[in-house]
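[1] Quick one: sequence plus predicted model below, questions after.
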Amino acid sequence: MEVEIIRNEKQFAEWFKFNYKDFGFTKIVRGDIGVCPDFIMEREECEVRVELETFASNFLLHKHSLEDVDEIICLIGDVELGKPVIVAENVKHKIPITVSFKIDEDLLKDAKIEAIKNDSTLSKYIEKLIRGDLK
């Protein structure tokens with residue numbers, strides 16, 4: 001079963017099983033999503049340890065060791081990791097992006113802006129900044 005739109009790492013792994021040859025691999029030696037590395041692949045008769053991540057930065061978030069992998073293949077290459085980070089181009093995905101923000105208390109006290117309490121008020125504040133409505 002091939003996945004049309006990737007929404008998470010498990011679906012990315014399923015997609016990879018059907019498309020690994022696009023990355024120059026000749027076969028899957030071992031595939032065990034959830035254990036780093038997720039895949040051991042073969043390329044030019046050599047084994048390559050591959051970790052799949054939706055965001056390259058998830059490699060750090062998951063606390064994987066660079067010693068355990070040869071390549072990281074991801075959907076979004078948002079960091080360099082000291083090992084080859086290969087972005088899977090032209091892959092349809094809808095990966096949720098979580099934005100964390102901390103508002104400076106002095107900024108909140110500024111009478112020129114409304115208090116930013118959630119994503120909705122943050123979006124409105126950013127819109128006002130872009131339009132130049134805040135002075």
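    All right, it came through fine.
[2] Surely I40 is in a strand?
    Yes: under DSSP: H, G, I helix; E, B strand; the rest coil, I40 sits within a strand.
[3] Report how many residues lie close to I33.
    Using other Cβ atoms under 10 Å, I33 is surrounded by 16 other residues. For glycine as for every other residue, the C-beta is placed from the backbone atoms N, C-alpha and C.
[4] now L61
    Neighbours around L61, by other Cβ under 10 Å: 9.
[5] Please apply the same query to L66.
    With other Cβ under 10 Å as criterion, L66 counts 13.
[6] pretty sure it is touching L81, no?
    Yes: when contacts are counted by Cβ atoms under 8 Å, L66 is listed as touching L81 (6.7 Å).
[7] Where does pLDDT dip in this protein?
    Residues of the chain that meet the criterion pLDDT under 70 lie in 1-3, 96-132, 134-135.
[8] downstream neighbour of the longest strand seen in it in the secondary structure list?
    Ranked by number of residues, the top strand in the chain under DSSP state E is strand 46-55. Sequence order places helix 58-61 as the next helix or strand after strand 46-55, per DSSP states H and E.
[9] Check whether G82 sits in a helix, strand or coil.
    coil.
[10] Tell me which residues touch E80, please.
    Going by Cβ atoms under 8 Å, 6 or more residues apart in numbering, E80 touches A56.
[11] any idea how far it lies from T54?
    As for E80, its distance to T54 is 17 Å (criterion: Cβ to Cβ, to the nearest Å).
[12] Please work out how many residues are found near the closest residue to V50 other than its chain neighbours.
    Excluding the flanking residues, the one nearest V50 by Cβ to Cβ, 6 or more residues apart in numbering is F39, at 4.4 Å. F39 has 23 neighbours, counted by other Cβ under 10 Å.
[13] And H62, by the same measure?
    11.
[14] Same check on K63?
    Neighbours around K63, by other Cβ under 10 Å: 7.
[15] Give me the three-state assignment for it.
    Applying three-state DSSP: K63 is coil.
[16] For E51, see how far away it is.
    Taken as Cβ to Cβ, the span from K63 to E51 is 12 Å.
[17] and what of I5?
    Distance from I5 to E51, by Cβ to Cβ: 22 Å.
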